[in-house]
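> Dropping the sequence and predicted coords here.
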Amino acid sequence: MSIFGAGEPEDEFDESLLVSQIAAGERELFRLLVSRYQKAVYALGLSFFHNREDAADFTQDVFLKAYRNLGRFKGHARFSTWLYRIAYNTAVNGITRRKEYRSLAEEEDTKDDRTPEVFTIREAARTAVEKAVAELPEKYRVCVDLFFFYNRSIKEIGVITGFPENTVKSHVFRAKKLLRQELEGYR
C-alpha cells in the first residue's frame, strides 16, 4: 500500500496513513516526515535559542520525541499540529533553562541587491518590525509568530501552546493592535 493517494501530489500524502505504517514497523518512512517538517522545526528552534547549533540540537530532540511517541498520535489533529505541540513544549522547557523567546521576525533575511535605496528602506522597516515585535509580551510574540510566520490557524496555535482559542484570538488581535500603534510612522 502506498502512502500517496491516487493522483495526489507527493507533498499531499496522507500523514495518518504514513504514521500508522511507521508504527506498524516501516520505520524508514519516518524520514519522509522529517524531510517535510525539518526546516519549520529548525526555524522554531532558532526563534527560541538564537543559534544554529542549539536549533539543530533542538530539531533532533523534537524528532526523536515525535518518533518515540508516534503511538500516541491519534489523527484527531493534523500531524504538523501534533509535531509543533511537541516542538513548542520542548522549546518552552528549554528556554526556562536558557534564553528568552525571540520572534522569527527577528531572523528574517532581507537581502535585496536591486538598489541601495530599496535595501536601506527594507532594512529600516525590518529593524522597526523586529523592535516592535521584541517589545510585545512573550505570549503575544509566540502567537503572532505561529500565526504569521508559520501559517498556523487559531485552533492549531491553541493546540500547540495550550491556550484556549479565544485567548489565542485575543493575543493575536492585541499584538496586531500594539504593532500597528508602534509602526504607525513607517508608512
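Sure thing, it's come through.

> This structure: helices as residue ranges?
Counting by DSSP state H, the chain has helices at residues 15-23, 30-49, 52-68, 79-95, 116-134, 138-144, 154-161, 165-182.

> Tell me which residues of the helix or strand of the chain with the lowest mean pLDDT come out buried.
Every helix and strand in the chain was compared by mean pLDDT, DSSP states H and E; the lowest is helix 116-134, with a mean of 76. For helix 116-134, burial by neighbour count (16 or more other CB atoms under 10 Å) applies to 129-130, 132-133. No exception for glycine: its C-beta is placed from N, CA and C like everyone else's.

> before we move on, the earlier item: just give me the lowest mean pLDDT stretch among the helices of the chain.
Ranked by mean pLDDT, these end with helix 116-134 at the bottom, a mean of 76.

> what's the angle from that helix to helix 165-182?
With axes from the mean of the first three to the mean of the last three CA atoms, to 10 degrees applied, the angle from helix 116-134 to helix 165-182 works out at 130 degrees.

> C-alpha coordinates for helix 116-134, CSV please?
C-alpha atoms of helix 116-134 as CSV (Å, rounded to 0.1, in the frame of the first residue of the first chain):
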residue,chain,number,x,y,z
PRO,A,116,20.8,50.6,-2.2
GLU,A,117,17.7,52.7,-1.6
VAL,A,118,15.4,49.7,-1.6
PHE,A,119,17.8,47.8,0.6
THR,A,120,18.0,50.7,3.1
ILE,A,121,14.3,51.2,3.2
ARG,A,122,13.6,47.5,3.7
GLU,A,123,16.4,47.2,6.4
ALA,A,124,14.9,50.2,8.3
ALA,A,125,11.4,48.6,8.1
ARG,A,126,12.7,45.2,9.2
THR,A,127,14.5,46.8,12.1
ALA,A,128,11.4,48.6,13.1
VAL,A,129,9.3,45.4,12.9
GLU,A,130,11.9,43.5,14.9
LYS,A,131,12.0,46.1,17.6
ALA,A,132,8.2,46.3,17.8
VAL,A,133,7.8,42.5,17.9
ALA,A,134,10.5,42.2,20.5
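
> now it, how far from the chain's geometric center?
Distance of helix 116-134 from the chain centroid (CA atoms, centre = their mean, to the nearest Å) equals 22 Å.

> just stretch 71-85 next, same as before
Distance of stretch 71-85 from the chain centroid (CA atoms, centre = their mean) equals 14 Å.

> Kindly check the end-to-end length of it for me.
15 Å (CA to CA, to the nearest Å).

> And that stretch, what's buried?
Buried, per 16+ other CB under 10 Å, within stretch 71-85: 73, 77, 79-85.

> which one of those is nearest Thr59?
Of all the buried residues of stretch 71-85, Leu83 has the smallest distance to Thr59: 11.1 Å, by CB to CB.
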